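Trainee: sequence below, structure please.
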Amino acid sequence: MKRLLNLMLFYFCSIQAQEYKITFFSIPTVDVKMVFDNNSIQFNVQTVGLVNIMWPTDNQYSVTYDSSHYGLINYEKIIKQGATQYKVAAVYEGHDSTLHYEEKILTRIPEIQTIFSLLARIQKESVATFDTKWFPMDHDGELYSARFLWADTSTISIANSTILCDHYRLDIKAQDDVTSTPEQSDYFMNNIVSPEVVRQIWVERNGLRRIIQATVKIYGINIIAKIDHV
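Mentor: Sure thing, here's the model as predicted:
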């Protein structure tokens, strides 16, 4: 259950704030706040209710990216999970195409994505610019590829509103990478790239094009994140 709950911690541009409720078996488990500007995203993730008593989590994630291709510029996370507390930061150096994690230096192309910049891309670009295309993705110093696959157009109900959305599946696969750093991931970063996970996202088709809903499914169990208000 601990693993399942944390798969959704991240699954969630003028300055804009979006708030989400994550539920497990219809029970509220996590509050997520996403704030983004033209080329940055900040997340705050906090467990609530019984989950907060059993597995208290208060994590912050921040990414700055190149707005022309969504490549990573700066990355930082501050993790507070029970008694575990630590900070990770990375900076991209364009002059030699390297990504610096503390003492580790990784070779990365300028267009290297993160799961965060991919979420910005899906809200800002048209379907034709990213649908089915594989993008290189750095994930806590490990190299992956990710793509969105458009599935259909469907409606999502939030309170008394019905929102027309583009529905996508998000695929993530590991790549051979001899320069990867040792594992330094939190619960979410460890598990969201699992090959057993099915990831889906619904993005508002018109207006602000916000992420309205996201789900992960593993071992037949669904965890659902929905925007808190429209």
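
Trainee: which parts of the chain are helices?
Mentor: 2-6, 49-54, 115-124, 127-130, 187-191 (DSSP state H).

Trainee: quick one: which of these is nearest I163?
Mentor: Of all those, it is helix 115-124 that lies closest to I163, at 13.7 Å by C-beta to C-beta. Glycine gets a C-beta too; all of them are placed from N, C-alpha and C.

Trainee: which residues does that closest one contact?
Mentor: 10, 12-13, 36, 41, 43, 61, 63, 65, 70-72, 113, 130, 135, 137, 139, 146, 148, 168, 170, 172, 192, 201, 203, 209-211 (C-beta atoms under 8 Å, 6 or more residues apart in numbering).

Trainee: among the residues you listed, which lie within strands?
Mentor: Mapping these onto strands (DSSP state E) picks out 36, 41, 43, 61, 63, 65, 72, 135, 137, 139, 146, 148, 168, 170, 172, 201, 203, 211.

Trainee: wait, the first one sits on Q16?
Mentor: If I follow you right, that is F36. Yes - counting by C-beta atoms under 8 Å, Q16 is a contact partner of F36 at 6.0 Å.

Trainee: and the two? Which one has more around it.
Mentor: Using other C-beta atoms under 10 Å as the criterion, F36 and Q16 rank with F36 on top: 21 against 12.

Trainee: quick revisit: nearest to Y20, out of the helices of the chain?
Mentor: That would be helix 115-124 among those, by C-beta to C-beta, at 11.9 Å.

Trainee: any weak-confidence spans in the protein?
Mentor: Scanning the chain for pLDDT under 70 picks out the ranges 1-15, 177-185.

Trainee: circling back to that earlier point, could you dump the helices of the chain into JSON lines with distance to E103 and mean neighbour count added?
Mentor: Shown next, in JSON lines, are the helices of the chain (distance: least, C-beta to C-beta, whole Å; neighbours: other C-beta atoms under 10 Å):
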{"stretch": "helix 2-6", "distance to E103": "27", "mean neighbour count": "18"}
{"stretch": "helix 49-54", "distance to E103": "34", "mean neighbour count": "13"}
{"stretch": "helix 115-124", "distance to E103": "23", "mean neighbour count": "22"}
{"stretch": "helix 127-130", "distance to E103": "34", "mean neighbour count": "13"}
{"stretch": "helix 187-191", "distance to E103": "19", "mean neighbour count": "21"}
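
Trainee: check the gap between W134 and V216 for me.
Mentor: 20 Å (C-beta to C-beta, to the nearest Å).

Trainee: that should have said S117, apologies.
Mentor: For S117 relative to V216 (C-beta to C-beta), the value is 19 Å.

Trainee: same deal with H139?
Mentor: H139 is 15 Å from V216, by C-beta to C-beta.

Trainee: isn't E19 right up against I227?
Mentor: Yes - counting by C-beta under 8 Å, I227 is a contact partner of E19 at 7.1 Å.

Trainee: the closest residue to S40 other than its chain neighbours pairs with what?
Mentor: Among residues not flanking S40 along the chain, T64 sits closest, at 4.6 Å (C-beta to C-beta, 6 or more residues apart in numbering). Beta bridges link T64 to S40, N74 when assigned by DSSP bridges.
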